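Visitor: Got a sequence here, can you model it:
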Amino acid sequence: MMTTKKANIALLMGGPSTEHKISLLSGTSIYNAINKDRYNVLVVGIDHDTRWWLYEGDDFLDYPGQPDKISLKSGAMEVFVRNVDRKVVLMSARGEILKDIDLFFPVLHGSYGEDGVLQGVFQSVGAAYTGVGLMASSVGMDKDLAKRVWRDAGIPIADFICLKKHEKSSLTFEEIKQKLGLPIFVKPANAGSSVGVSKVTSEAEYYLALDEAFRFDTKILIEEAVIGKEVECAVLGNEFPKASVMGEIIPKATFYSYEAKYLDDDGASMAIPANIDTDTSDALRNLAVKAFQTIGCEGLARVDFFLTSAGKMVLNEINTLPGFTSISMYPKLWEATGLPYTQLIDEIISLGLERYKRDVSLVKRI
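Guide: I've put the predicted structure just below:
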């Protein structure tokens with residue numbers, strides 16, 4: 001009886017961003033859930049200096065499961081990705097071909113992994129990979145650019161001001177308050193997991209928030225506060241994406257901060273499905289797919305909204321590489337929709353391979 005060759009999947013985690021530890025938690029969850037009877041899973045850890053390390057087996061972390069301490073183990077083999085004779089391979093520093101790779105599965109949140117940099121690496125060597133492509137990753141990561149594109153497409157967004165570091169003193173707090181009111185949120189334009197985000201209710205808090213946001217980016221957003229439910233939708237697919245049921249975040253602090261998301265077990269609770277009526281849920285799900293397609297996403301993303309008491313829907317942001325930890329909303333939403341975690345991983349891999357097969361058939365020379 002013929003046996004089907006298992007695909008070699010390189011699972012990438014870590015990276016140089018402030019979300020390095022969260023990436024390790026997400027990557028571990030995927031590693032534990034992926035169907036190893038179907039795939040050969042190769043763990044590649046990427047350190048803060050963007051060096052790639054290949055691990056053997058499942059012993060690749062120190063302090064696993066501890067969000068504040070988790071880290072990559074030392075002692076792995078450094079590897080490089082190359083295209084050799086039209087095959088994508090992992091190669092040692094001495095030029096030895098170690099593994100053929102059928103598909104890369106990146107789980108790197110934030111800069112390098114979610115902003116198009118890593119996607120550019122894959123495309124430069126002709127590799128198949130999961131998730132959103134280069135251009136949509138870049139736009140989705142930059143909250144300023146994404147909001148401008150959505151606004152042009154008629155998708156409702158919160159009013160905002162974009163400020164670059166060299167423009168820090170160009171607007172006074174009174175001018176900001178006159179335009180956006182209070183409270184406001186100050187956030188880096190290119191960061192995730194609420195890193196560097198501050199809620200501002202006074203002039204003193206405003207200047208502290210500017211300093212905090214500019215620690216992580218040279219461009220920041222100052223946004224009006226939208227008072228309402230925080231609801232989220234998981235989107236999955238290439239040409240014909242589908243939306244999950246809606247979920248609701250119920251933060252117990254002033255907003256859904258990094259600590260509430262990952263470090264504080266009591267920082268927030270989830271309601272899946274969200275406590276909203278069917279018509280509103282359907283409208284939000286349609287809007288999530290529109291936002292996904294408007295910036296050219298394929299594969300997967302989580303789309304986050306505010307829903308006011310008057311029923312106004314406001315798109316907050318898109319996460320083109322959402323969290324996959326055991327408490328993350330994206331896999332929980334699909335599980336509630338009828339797609340369990342392991343099957344969700346299978347579907348994400350299938351979508352990456354389908355896109356690669358489609359794109360590799362395009363004419364590259366004339």
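
Visitor: quick one, helices of the stretch 201-350 of the chain?
Guide: Assigned helices in the stretch 201-350 of the chain, in chain order: 203-214, 258, 278-294, 329-337, 341-360 (criterion: DSSP state H, counting those that start in this stretch).

Visitor: list the contacts for D217?
Guide: Contacts for D217 (C-beta atoms under 8 Å, 6 or more residues apart in numbering) come out as P188, A189, N190, A191, G196. Heads up, the C-betas are built off the backbone N, CA and C, glycines and all.

Visitor: let's see it at 7 Å
Guide: Applying C-beta atoms under 7 Å, 6 or more residues apart in numbering to D217 gives the contacts P188, A189, N190, A191.

Visitor: gap between the first one and R148?
Guide: Spelled out, that is P188. Here the criterion is C-beta to C-beta, to the nearest Å. By it, P188 lies 17 Å from R148.

Visitor: And those two? Which one has more around it.
Guide: Set side by side, P188 and R148 show more neighbours around P188, with 22 against 15, by other C-beta atoms under 10 Å.

Visitor: Return the set of residues that bridge with that one.
Guide: Per DSSP bridges, residues listed as beta-bridge partners of P188: I220.

Visitor: What are the neighbouring residues in contact with it?
Guide: Listed by C-beta under 7 Å, 6+ apart, the contact partners of P188 are G196, A213, F216, D217, I220.

Visitor: Save those as TSV, and put in pLDDT and distance to E317 too.
Guide: Below are the contacts of P188 laid out as TSV (pLDDT from 0 to 100; distance: C-beta to C-beta, whole Å):
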residue	pLDDT	distance to E317
G196	90	14
A213	96	15
F216	93	15
D217	94	14
I220	97	14
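
Visitor: Which of those residues ranks first by neighbour count?
Guide: In terms of neighbours by other C-beta under 10 Å, those top out with I220 at 30 neighbours.

Visitor: if I look at that residue, how far off is L145?
Guide: Plainly put, I220 is 14 Å away from L145 if you go by C-beta to C-beta.

Visitor: And the residue nearest the centre of this structure?
Guide: Among the residues of the chain, L321 comes closest to the average C-alpha position under C-alpha atoms, centre = their mean, at 2.3 Å.

Visitor: so what's that one up against?
Guide: Applying C-beta under 7 Å, 6+ apart, the residues near L321 are L108, H109, G113, E114, G131.

Visitor: of all those residues, which two lie farthest apart?
Guide: Taking C-beta to C-beta as the measure, these reach their widest spread between H109 and G131, a distance of 11.3 Å.

Visitor: which one of the contacts of P188 sits closest to H48?
Guide: Taking C-beta to C-beta as the measure, H48 lies nearest F216 of the contacts of P188, at 14.7 Å.

Visitor: Which residues are in contact with the closest one?
Guide: Under the criterion of C-beta under 7 Å, 6+ apart, the contact list for F216 reads T18, P188, A191, V195, G196.

Visitor: go on, V231?
Guide: Under the criterion of C-beta under 7 Å, 6+ apart, the contact partners of V231 comprise M246, G247, E248, A274, I276, L284, F305, L307.

Visitor: Which pLDDT value belongs to the third one?
Guide: Think E248. Model confidence at E248, expressed as pLDDT, equals 98.

Visitor: Next one, pLDDT for the nearest residue to it once chain neighbours are set aside please.
Guide: The shortest distance from E248 to any residue that is not its chain neighbour, by C-beta to C-beta, 6 or more residues apart in numbering, is 3.7 Å, and that residue is A274. What the model reports as pLDDT for A274 is 98.

Visitor: Might one say that A274 is in contact with G247?
Guide: Yes. At 5.6 Å, A274 and G247 qualify as touching, with contact defined as C-beta atoms under 7 Å.

Visitor: Could you give the number of residues near S309?
Guide: For S309, the tally of surrounding residues (other C-beta under 10 Å) stands at 8.

Visitor: Scan the contacts of V231 and report the most crowded one.
Guide: Taking other C-beta under 10 Å to define a neighbour, the member of those with the most is M246, carrying 26 neighbours.

Visitor: who are the neighbours in contact with the residue nearest to that one when sequence neighbours are not counted?
Guide: Using C-beta to C-beta, 6+ apart and skipping the chain neighbours, the partner closest in space to M246 is A274 (4.1 Å). With contacts defined as C-beta under 7 Å, 6+ apart, the neighbours of A274 are V231, M246, G247, E248, S281.
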